[in-house]
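Undergrad: Next input, structure requested:
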Amino acid sequence: MANALIQFRMSEKEKQQAALILERIGLNTSVYLRMCMLRLIQENGLPFSMKISKEAKEGLLALWEMGEAAKKNGISEMTLEEINAEIAAARKEKK
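TA: Take a look at the predicted model:
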């Protein structure tokens, strides 16, 4: 079976920091990344928890609720131009 090349970019500083940590535990970057990919396959998902902070969760819930309200009021498909026109009209009425 042929090997596939995977590439990605990160800052040089982060690369060096990661390499130093891996060196201390006796690994190199290639071995570590291969281990991560194999574990991803083994777990059929991320091999660690992806937690969202309480604040982020509240923000996401608020965005979802606003999206639902927009759908309910028939405005979920408005373009940016339409939204700006509505805002301009509301500001005009206020004056």
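
Undergrad: Quickly find the element holding G74.
TA: G74 belongs to no helix or strand when assigned by DSSP states H and E.

Undergrad: burial of the residue nearest to L60 when sequence neighbours are not counted, as a residue count?
TA: Leaving aside its sequence neighbours, L60 sits nearest to I52 (C-beta to C-beta, 6 or more residues apart in numbering; 7.2 Å). Heads up, the C-betas are built off the backbone N, CA and C, glycines and all. Neighbourhood size, I52 [other C-beta atoms under 10 Å]: 10.

Undergrad: Check which residues of the longest helix anywhere in the chain are buried.
TA: The longest helix of the chain (DSSP state H) is helix 54-72. Residues of helix 54-72 include none that count as buried (16 or more other C-beta atoms under 10 Å).

Undergrad: For it, what does the pLDDT average out to?
TA: Mean per-residue pLDDT for helix 54-72: 90.

Undergrad: Just the C-alpha atoms of whichever helix or strand comes after it, please, in CSV.
TA: Per DSSP H and E, the first helix or strand lying C-terminal to helix 54-72 is helix 80-94. Taking Å, rounded to 0.1, in the frame of the first residue of the first chain, the C-alpha atoms of helix 80-94 are listed here in CSV:
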residue,chain,number,x,y,z
LEU,A,80,-27.3,41.9,3.7
GLU,A,81,-28.7,44.7,1.5
GLU,A,82,-32.3,44.0,2.7
ILE,A,83,-31.2,44.0,6.3
ASN,A,84,-29.4,47.3,5.8
ALA,A,85,-32.4,48.8,4.1
GLU,A,86,-34.6,47.7,7.1
ILE,A,87,-32.2,49.3,9.5
ALA,A,88,-32.1,52.5,7.5
ALA,A,89,-35.9,52.6,7.4
ALA,A,90,-36.2,52.0,11.1
ARG,A,91,-33.7,54.8,11.8
LYS,A,92,-35.7,57.1,9.5
GLU,A,93,-38.9,56.4,11.4
LYS,A,94,-37.2,57.1,14.7
